[in-house]
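Chemist: Next comes the sequence, and after it the predicted model I'd like to discuss.
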Amino acid sequence: MSIPRQIWPESFERLYVANGHWQGETFGRMLDRLEADFGERLALVAGEARWSYAELARRARVAAEGFAGLGLAPGERVLVQLPNRAEFLVAVFGLFYAGLVPVYALPAHRETEVLHLAAKSGARAYVIADRHDGFDYLPLARKVLAEVPGVAHVIVAGAAAEFTAFDGLGDQGLTAPVPRNPREVAFLQISGGSTGLPKLIPRTHDDYLYSVRASAEICGLNAESVYLCALPAAHNFPMSSPGYLGVLHVGGTVVMSPNPQPEVAFRLIAEHGVTITGLVPPLALLWMQAAPRSKHDLSSLQVLGVGGAKFIPEAAARVRPTLGCTLQQVFGMAEGLVNYTRLDDPEDIIINTQGRPISPDDEVLVLDDDGNPVPEGEPGNLYTRGPYTIRGYHEEPSANARSFTPDGFYRTGDVVRRLPGGYLEVRGRAGDHINRAGEKISAEEVEDHLIAHEGVFDAAVVALPDKFLGEKTCAFVVRAEGEVQSKDLKAFVRDRGIAEFKVPDQIVFVPAFETTAVGKVSRKALRAALKDTYLNKG
Ligand code: J2J
């Protein structure tokens with residue numbers, strides 16, 4: 001069963017083709033092109049691996065043969081949950097080459113998220129590493145096999161136990177990519193949305209590769225560029241803004257960092273002459289703190305992209321003095337629209353704005369709550385539509401009715417100011433999620449986990465400002481019978497098998513939630529009122 005073709009109205013498709021955005025390349029054909037153009041150049045550094053484009057392509061084709069050999073048919077989905085190691089790129093290019101559709105899970109995801117993503121995407125296989133960050137993925141894989149009927153194969157990078165070893169997947173390799181329509185869904189990315197579990201974002205070859213090509217150009221990449229992938233590779237930001245795909249597109253080198261901590265990343269920067277990387281604001285702060293004391297030479301670094309959450313101007317102004325490189329603010333979303341400050345923008349724009357859209361065909365509206373345009377410089381809700389912004393989530397009719405207008409604009413949930421030249425300044429957001437160091441957490445999802453505890457009568461989760469994380473989570477909890485304590489609740493939520501970053505940072509017990517005489521208040525109003533009553537006093 002294939003995913004239906006992603007539909008933009010025909011007039012838009014014609015426009016995006018006519019304007020040169022959609023060029024008809026697929027990820028499978030991209031791999032062949034990269035090998036032909038850059039064969040012996042260094043494509044990837046990861047752990048001990050130093051692979052040329054030819055070697056990466058060879059390995060991906062072998063993996064592709066292996067995937068096909070398992071009986072996976074073109075168009076079928078494969079859940080990929082791999083940390084930043086060489087197998088990540090081999091697996092995803094192998095899947096593309098075999099005409100399969102990767103579904104990206106984060107290494108931090110646990111049972112709840114993984115089971116949901118596998119079931120929702122209709123995944124037929126699950127690709128993991130044996131261990132990462134002290135977590136053993138094999139028991140999780142057994143659970144996925146037992147509980148998600150469609151999943152028939154587990155492929156493991158590392159010690160595979162009873163499962164298929166990634167290394168032994170193929171033999172000769174496919175000789176050509178399995179043909180795919182470039183307008184079809186190439187992969188499913190996950191949303192950091194504000195309601196419930198992650199939604200799946202269908203991205204096509206044509207739309208995504210346009211954003212990759214254009215990002216590579218905006219970020220000044222060329223064959224000498226060396227990109228450090230410090231954030232988890234499954235995130236949209238390190239994937240394509242400009243990310244490892246942007247760097248591969250122009251024949252540069254990708255260096256995989258197993259984690260983004262300065263001690264690890266700085267050594268890799270010095271050793272491999274890294275020229276560009278991307279970070280979320282808390283990590284940028286950490287790097288700026290560590291750089292003056294570091295023994296490593298960071299002088300190769302030319303561009304630091306910062307995005308995923310608001311980078312405050314005071315911090316932004318310190319990037320050049322402390323790290324000696326150009327800051328590029330990146331305001332993007334896995335649903336599509338990506339804004340960049342340009343490398344040659346005046347310092348004032350680079351420090352105070354989150355950039356402007358990639359494409360002349362990105363349509364941006366800034367509207368008040370009644371849907372009327374606000375004057376330039378006034379805050380309003382950001383809506384967008386364009387050549388690489390989706391028109392709907394995968395199989396989410398009710399979320400789609402909320403998140404997209406009838407004429408196809410995506411309601412981003414972000415509140416922005418549009419400034420002269422089309423630059424955007426992010427002011428906040430309308431939706432109820434917590435942006436914790438760039439990881440988006442749905443208030444509703446965490447509330448559901450808390451309410452599942454028998455000692456909890458009701459719960460409301462809000463964002464609190466945090467100097468380091470930007471925002472952290474605070475759960476207001478009304479107890480049921482008994483005296484349940486914070487540490488019990490945190491342990492309970494953690495044991496429900498969710499990503500650690502979703503466990504509430506703080507829990508505040510309150511006697512009751514105020515409700516109006518009518519007895520019902522929107523969750524949004526309730527969260528705001530709680531914050532106001534308990535946290536903003538004095
Ligand atoms: C304020 N908020 C920001 C920024 C994202 C590049 C960069 C980031 C993402 C990403 C991405 C922000 N200032 N600079 O996909 O390709 C918040 C907004 C946005 C949401 C999207 C990329 N950059 N945000 O973060 O899908 O609220 O993508 O709507 O994870 O992050 O989150 P996500």
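Modeler: Received, thanks. Numbers count the residues shown, from 1 in each chain.

Chemist: List the residues that contact the residue in the stretch 201-350 of the chain that the ligand sits nearest to.
Modeler: Residue of the stretch 201-350 of the chain nearest the ligand, by Cβ to the nearest ligand atom: Gly332 (2.5 Å). Placement of C-beta: from N, CA and C, glycine included. Gly332 makes contact with 236-237, 241, 307, 338-339, according to Cβ atoms under 8 Å, 6 or more residues apart in numbering.

Chemist: got a markdown table for those, with pLDDT and secondary structure too?
Modeler: Output for these, formatted as a markdown table (pLDDT from 0 to 100; DSSP: H, G, I helix; E, B strand; the rest coil):
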| residue | pLDDT | secondary structure |
| --- | --- | --- |
| Asn236 | 98 | helix |
| Phe237 | 98 | helix |
| Ser241 | 98 | coil |
| Gly307 | 98 | strand |
| Val338 | 99 | strand |
| Asn339 | 99 | strand |
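
Chemist: Out of these, which is nearest to Val90?
Modeler: Comparing the contacts of Gly332 against Val90 with Cβ to Cβ places Asn236 closest, at 20.1 Å.

Chemist: Quick one: neighbours of the closest one, just the number.
Modeler: For Asn236, the neighbour count with other Cβ atoms under 10 Å is 26.

Chemist: again, but for the one 10 residues further on
Modeler: Each residue near Gly246 was counted by other Cβ under 10 Å, and the total is 27.

Chemist: following the host helix or strand of it, which helix or strand shows up next?
Modeler: Assigned by DSSP states H and E, Gly246 belongs to helix 243-249. Where DSSP H and E defines the elements, the next helix or strand beyond helix 243-249 is strand 253-256.

Chemist: Give me the sheet partners of that next one and which way each runs.
Modeler: strand 42-46 (parallel), strand 226-229 (parallel) (DSSP bridges).

Chemist: and those strands, which is most packed in?
Modeler: Stretch with highest mean neighbour count among the strands paired with strand 253-256: strand 226-229 (a mean of 26; mean count of other Cβ atoms under 10 Å).

Chemist: what does the protein have sitting close to the ligand?
Modeler: 192, 236-237, 240-241, 307-310, 329-334, 338, 354, 412, 414, 426, 429, 435, 438, 440 (Cβ under 6 Å from any ligand atom).

Chemist: Any stretches of this protein with poor pLDDT?
Modeler: Residue ranges of the chain with pLDDT under 70: 1-2, 4, 6, 193-195, 515-521, 536-538.

Chemist: For the spatially most central residue of it, give its distance to Met333.
Modeler: Nearest to the mean C-alpha position of the chain, counting by Cα atoms, centre = their mean, stands His235 at 2.8 Å. Distance of His235 to Met333, given as Cβ to Cβ, to the nearest Å: 11 Å.

Chemist: Now the common contact residues for those two.
Modeler: With Cβ under 8 Å, 6+ apart, His235 and Met333 have no common neighbours.

Chemist: could you say what helices and strands the helix or strand hosting Val154 packs with?
Modeler: Assigned by DSSP H and E, Val154 belongs to strand 153-157. With contacts defined as 3 or more Cβ pairs under 8 Å, 6 or more residues apart in numbering; DSSP states H and E, strand 153-157 has these neighbours: helix 86-97, strand 123-129, helix 138-147, strand 164-165.

Chemist: got the angle between that strand and strand 123-129?
Modeler: When axes from the mean of the first three to the mean of the last three Cα atoms, to 10 degrees is applied, the directions of strand 153-157 and strand 123-129 differ by 20 degrees.

Chemist: per the record, what domains does this protein have?
Modeler: 27-40+51-180, 205-431, 433-534 (automatic domain parsing).

Chemist: Could you work out the end-to-end span of the last one for me?
Modeler: Same thing as domain 433-534. For domain 433-534, the first-to-last residue distance is 19 Å (Cα to Cα, to the nearest Å).

Chemist: Find the closest residue to the ligand in the stretch 351-500 of the chain.
Modeler: Counting by Cβ to the nearest ligand atom, the stretch 351-500 of the chain gets nearest to the ligand through Val426 (3.8 Å).

Chemist: What is the burial count for that residue?
Modeler: 22.

Chemist: now the one 10 residues further on
Modeler: As a burial measure, Arg436 scores 21 neighbours (other Cβ under 10 Å).

Chemist: What separation do you get for Ala91 and the ligand?
Modeler: Applying Cβ to the nearest ligand atom, to the nearest Å, the value for Ala91 to the ligand is 21 Å.

Chemist: nearest spatial neighbour of that residue, skipping sequence neighbours?
Modeler: Of all residues not flanking Ala91 in the chain, Val127 sits nearest, at 5.2 Å (Cβ to Cβ, 6 or more residues apart in numbering).
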